[in-house]
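In: Mind looking at a prediction? Sequence and model below.
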Amino acid sequence: MISIEEALKMISNSTHSLGYSENNLIDSLGKVLSENILAPIDLPPFDQSAMDGYAFKNGNENVYKVLGLIKAGDDASKIVLNENEAIKIFTGAFCPSSADAVCQIEHVIQNQDGTLSFLPKPNSQANIRKQGEQIKKGTVALEKGHLLTPASLGFLANLGIDVVKTFDIPKVGIIATGNELVAPGTQLPYGKIYESNSIMLQAVLKKYGIEKVILSKAKDDLEATTTTIQTQLQSADVLIISGGISVGDYDYVSEALEKNGVKQIFHKVNQKPGKPFYFGVKNNQLVFALPGNPAAALTCFYIYIVPAIRKMMGGTFEMLEKIEATTETSILKPNARAQFLKAKYKNGNVKILEGQSSAMLHTFSESNALVYLEQNKVIKQGDKVETYLF
């Protein structure tokens, strides 16, 4: 049995980023850039008005003759303002280089003779977005390894970019094992339970940009488990198996993985919940076998599989966001295993919840964090604790 730190290191050392492909912007959300992107233009590409108002050139008096107007989209590159001249302009429109500033419409005074005055008069270059002030042509707009968010895609579109190179998203397979499992939405016979792990794990994968998952179920039978794993390994970059990895009489996953040529890296981690957690590799394929208990399975997924998937997609082997929070709960009984405790975090404080059983998803559904407690450690109310946010 190894430590959590050793398990994380072994997984990281065995995880490699996938290849890359070109994608349209809208298909790149949640993916990671595989190369630096240089700005093909200045942004903004010309001096722009930041307001509806009047662009003007200073003169001796605060009285200005109006020449006309410039709408957004007009080419005003040849318009020249002389002293005490102004031109009506709209937000985002091309601002003539001869303009000293733009006075917003609320500060414009219409004189009876058709001229304008400004009160207060803007400072020099006020309300003008200068060409290239956001980014200059040829500079790095987004770096390799950047996770593409909706704002990222908008920024790239603003630069005129419509195709980007991104790391490929891993193909993921999930196998749920157990004779006792039946699908939600069907009649529940006595002795059976509804299968929840595959739904839960698909939901987390979707959150990290993995929409397509190949699902399989396997009976508690060595031949059936071996065949199902063999089929999944034909296409999966990451194979996640739920249940069947402990030491019961009907736990066949470890043996079935060995029959399929999967090399075991470790089996069992000194933690609670999730002690039976397994990790193996075949070529560059990653294989994770999770405990069947739902809360234990989800804990292991967040702690170990999320960082691996991030790295495969071109990012870093990065765990959930970690902060120090003040605990509202005391844990005075030490445990021989390190613990991940379901908790509720808010405004710098964290409350460890009741119902920490590895089978209890109800508590997990009310939590938004995991508090990490080292083995043989106790905490008192008011202590600072290591907290991982979902």
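Out: In hand now; what should we look at? Here the structure is a predicted model, which is why all the values come from computation and not from measurement.

In: ranges for the helices of the stretch 151-300 of the chain?
Out: 197-207, 222-233, 253-259, 294-300 (DSSP state H, counting those that start in this stretch).

In: Show me how far the third one is from its chain's centre.
Out: Computed by CA atoms, centre = their mean, to the nearest Å, the chain-centroid distance of helix 253-259 equals 33 Å.

In: For that helix, which outside residues touch it?
Out: Residues external to helix 253-259 that are found in contact with it (CB atoms under 8 Å, 6 or more residues apart in numbering): 177, 222, 225-226, 229, 241, 243-245, 264, 267, 278, 280, 287, 289. Where you see a C-beta, it was placed from the backbone N, CA and C, and this is true even at glycine.

In: redo that, cut-off 10 Å
Out: 175, 177, 218, 220-230, 233, 239, 241-247, 252, 262-264, 267, 276, 278, 280, 282, 287, 289-290, 292 (CB atoms under 10 Å, 6 or more residues apart in numbering).

In: now the second one
Out: Applying CB under 10 Å, 6+ apart, the set of residues contacting helix 222-233 from outside is 171-177, 214-219, 221, 236, 238-241, 244, 250-262, 282-283, 285, 287, 289.

In: For that helix, buried residues please.
Out: 225-229, 232-233 (16 or more other CB atoms under 10 Å).

In: For stretch 283-292, measure first residue to last.
Out: Stretch 283-292 has its terminal residues 26 Å apart, counting by CA to CA, to the nearest Å.

In: can you give me the strands in the stretch 51-200 of the chain?
Out: Along the stretch 51-200 of the chain, the segments classed as strands by DSSP state E, counting those that start in this stretch run 53-57, 65-70, 85-89, 101-104, 108-110, 116-118, 128-129, 140-142, 163-167, 172-177, 181-182, 193-194.

In: Give me the sheet partners of the fifth one and which way each runs.
Out: Each strand pairing with strand 108-110, determined using DSSP bridges, is listed with its direction: strand 116-118 (antiparallel).

In: So what touches the partner strand?
Out: 53-54, 56, 61-66, 84, 86, 88, 101, 103-104, 107-111.

In: Mind checking which of those residues are buried?
Out: By 16+ other CB under 10 Å, the contacts of strand 116-118 give 53-54, 56, 62, 64-65, 84, 86, 88, 101, 103-104, 108 as buried.

In: Nearest to residue 210 among the residues you listed?
Out: For these, the minimum distance to residue 210 (CB to CB) is 47.5 Å, reached by residue 104.

In: from the contacts of helix 222-233, which would you call buried?
Out: The buried subset of these - by 16+ other CB under 10 Å - is 171-177, 216-219, 236, 238-241, 244, 251-254, 256-257, 259-260, 262, 282, 285, 287, 289.

In: residue ranges for the strands of the stretch 201-350 of the chain, please.
Out: Using DSSP E, counting those that start in this stretch, the strands of the stretch 201-350 of the chain run over 213-218, 238-242, 263-267, 271-272, 278-282, 285-290, 321-327, 338-346, 349-352.

In: Please identify the buried residues of the third one?
Out: The neighbour-count criterion (16+ other CB under 10 Å) identifies 265, 267 as the buried residues of strand 263-267.

In: Send me it as CSV with only the CA atoms.
Out: What follows is strand 263-267, C-alpha atoms only, in CSV (Å, rounded to 0.1, in the frame of the first residue of the first chain):
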residue,chain,number,x,y,z
LYS,A,263,0.8,-3.5,-16.3
GLN,A,264,-0.1,-2.8,-12.7
ILE,A,265,1.6,0.4,-11.4
PHE,A,266,0.0,0.2,-7.9
HIS,A,267,-3.0,-1.3,-6.1
